[in-house]
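Trainee: Can you look at this prediction? I've put the sequence above it.
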Amino acid sequence: STKSSPVRIIGQDLSHLSEPCLFFIGCCGIFILYLIYGAVQEYLFKSSEIKTHFAALTAYQFLLCGLLALLESRLVNQPYKTFPPWLYLSLSLCTVGTILLSNAAVVYLNYPTQVIFKCCKLIPVMLGSIIVHGKAYALIDYISIACMIVGLVFFTLTDVQVQPNFEIKGVIAISIALCADGYIGNLQELAMKKYQLSSLQIMAYSYVNGFLILFFYLVGGFALVPAVKFASTEPITVFVYGSIFAVTGYFGIQFVLLLVHHFGALPAVTVTTLRKAVTIVLSFAFFAKPFAFGYLWSGAMVAFGIYLSAYSKARESRRKKVLDDPSLHPSNGSVLHVV
């Protein structure tokens with residue numbers, strides 16, 4: 001674990017707590033916040049009235065998340081560092097693309113299908129690394145990607161068979177969202193390593209600028225006035241449920257980061273994948289939709305692919321730690337076992 005690095009939840013440093021306590025807090029936060037997030041997202045974007053205003057609701061989500069990030073920055077006295085305009089514009093555009101298209105996918109797709117697609121962000125990331133950078137991966141990584149792709153294909157085919165209103169544009173929207181999400185990772189890594197930006201500053205810039213992009217998009221498309229009129233007729237749906245949706249999503253990320261920083265990628269991925277499985281089960285239980293056995297085995301295949309990928313990352317991380325620690329080198333009398 002990385003006890004030395006502070007882990008903040010709602011501006012509070014939790015790194016003084018014991019590891020079991022931190023793990024319990026992380027798991028509870030992820031399950032409670034993201035299960036609420038998923039239920040509210042499906043309720044909002046599946047309601048017929050709000051389908052035409054999903055871009056405006058996404059803008060409201062960005063506004064709240066941006067304000068929360070700015071407020072949290074003030075609470076922790078976060079210093080703001082300068083970095084090139086192209087970088088924060090790229091971060092903002094990719095964040096808008098990811099979240100807007102993910103929300104659009106909920107409008108057009110069966111919700112469990114959207115969740116399964118979002119589990120597979122690694123596919124465009126890995127394919128991009130191979131094509132653009134010529135990066136080589138271990139055999140286990142190729143097997144994990146193959147499992148995810150096969151699982152995704154058959155989950156979608158099951159959807160086509162049992163869903164009466166299946167729309168291919170939902171698949172296109174979530175696929176583009178995944179590619180944008182994968183690219184965000186590269187941009188965030190550049191911002192953190194080259195320009196020493198904190199994750200909080202990246203979030204603040206991404207959400208505030210993302211809100212401005214969406215605002216001008218709504219104004220340019222003459223969609224702002226109809227959205228405001230709709231919000232005035234449905235204030236509970238828009239402002240209460242919309243606020244719950246934005247706030248749970250914003251703070252949910254912090255609990256995921258808590259697990260990643262203190263326990264590594266494998267436990268974090270295991271917890272988040274289990275949470276997504278529970279989200280899918282609850283979606284079938286509480287929102288009326290047809291069920292088929294194909295969902296079960298193809299979803300399990302995707303989960304297996306995710307676990308293989310996380311295991312591979314954990315193994316590589318352990319290998320690097322052993323190589324970087326002179327006391328563990330074979331020349332110092334120890335036996336080096338890279339599992």
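Mentor: Yep, it's here.
Trainee: ok now the host helix or strand of residue 36, how far from the chain's centre?
Mentor: Take DSSP states H and E as the rule and residue 36 turns out to sit in helix 19-46. Offset of helix 19-46 from its chain centre (CA atoms, centre = their mean, to the nearest Å): 12 Å.
Trainee: how about the nearest residue to residue 308 once chain neighbours are set aside, what does it touch?
Mentor: Distances taken as CB to CB, 6 or more residues apart in numbering put residue 144 closest to residue 308, at 3.7 Å, once the chain neighbours are dropped. Every C-beta, even on glycine, is put in place using the N, C-alpha and C of the backbone. Applying CB atoms under 8 Å, 6 or more residues apart in numbering to residue 144 gives the contacts 122, 305-306, 308-309, 312.
Trainee: could you dump these to JSON lines with secondary structure, distance to residue 246 and pLDDT?
Mentor: Output for the contacts of residue 144, formatted as JSON lines (DSSP: H, G, I helix; E, B strand; the rest coil; distance: CB to CB, whole Å; pLDDT from 0 to 100):
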{"residue": "122", "secondary structure": "helix", "distance to residue 246": "26", "pLDDT": "81"}
{"residue": "305", "secondary structure": "helix", "distance to residue 246": "30", "pLDDT": "91"}
{"residue": "306", "secondary structure": "helix", "distance to residue 246": "26", "pLDDT": "89"}
{"residue": "308", "secondary structure": "helix", "distance to residue 246": "33", "pLDDT": "90"}
{"residue": "309", "secondary structure": "helix", "distance to residue 246": "29", "pLDDT": "87"}
{"residue": "312", "secondary structure": "helix", "distance to residue 246": "34", "pLDDT": "86"}
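Trainee: so which of those residues comes closest to residue 278?
Mentor: Distances from residue 278 to these, taken as CB to CB, are shortest for residue 306 (14.8 Å).
Trainee: Next up, the contacts around that closest one.
Mentor: 119-120, 122, 144, 148, 269, 273.
Trainee: where are the low-confidence patches of this structure?
Mentor: 1-7, 48, 132, 325-339 (pLDDT under 70).
Trainee: Show residues contacting stretch 265-280.
Mentor: By CB under 8 Å, 6+ apart, the residues outside stretch 265-280 that reach it are 23, 26-27, 30-31, 34-35, 38, 112, 115-116, 118-119, 256, 259-260, 295, 299, 303, 306-307, 309-311, 313-314, 317.
Trainee: Can you select the buried ones from these in ChimeraX?
Mentor: Only the buried entries of the contacts of stretch 265-280 go into this ChimeraX selection, using 16 or more other CB atoms under 10 Å:
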select :23,26,27,30,31,34,35,38,112,115,116,118,119,256,259,260,295,299,303,306,307,309,310,311,313,314
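Trainee: If we ignore the residues flanking it in sequence, what's nearest residue 290?
Mentor: Residue 290's closest residue in space is residue 162 (CB to CB, 6+ apart), at 4.4 Å.
Trainee: separation between that neighbour and residue 196?
Mentor: Separation of residue 162 from residue 196 (CB to CB, to the nearest Å): 50 Å.
Trainee: of those two, who's got more company?
Mentor: Just comparing residue 162 and residue 196: by other CB atoms under 10 Å the higher neighbour count belongs to residue 162, 15 against 10.
Trainee: Contacts made by whichever strand or helix holds residue 99 with the rest, please.
Mentor: In the assignment (DSSP H and E), residue 99 maps to helix 85-108. By CB under 8 Å, 6+ apart, the surrounding residues in contact with helix 85-108 are 41-42, 45-46, 51, 54-55, 57-58, 61-62, 114, 117-118, 167, 169-171, 173-174, 176-177, 180-181, 183-184, 187-188, 190-191, 195, 202, 205-207, 209-210, 213-214.
Trainee: circling back: can you tell me the SS state at the residue nearest to residue 308?
Mentor: Under DSSP: H, G, I helix; E, B strand; the rest coil, residue 144 falls in the helix class.
Trainee: quick one: it from residue 259, how far?
Mentor: For residue 144, the distance to residue 259 - CB to CB - is 20 Å.
Trainee: Then residue 321?
Mentor: For residue 321, the distance to residue 259 - CB to CB - is 18 Å.
Trainee: again, but for residue 82
Mentor: 31 Å.
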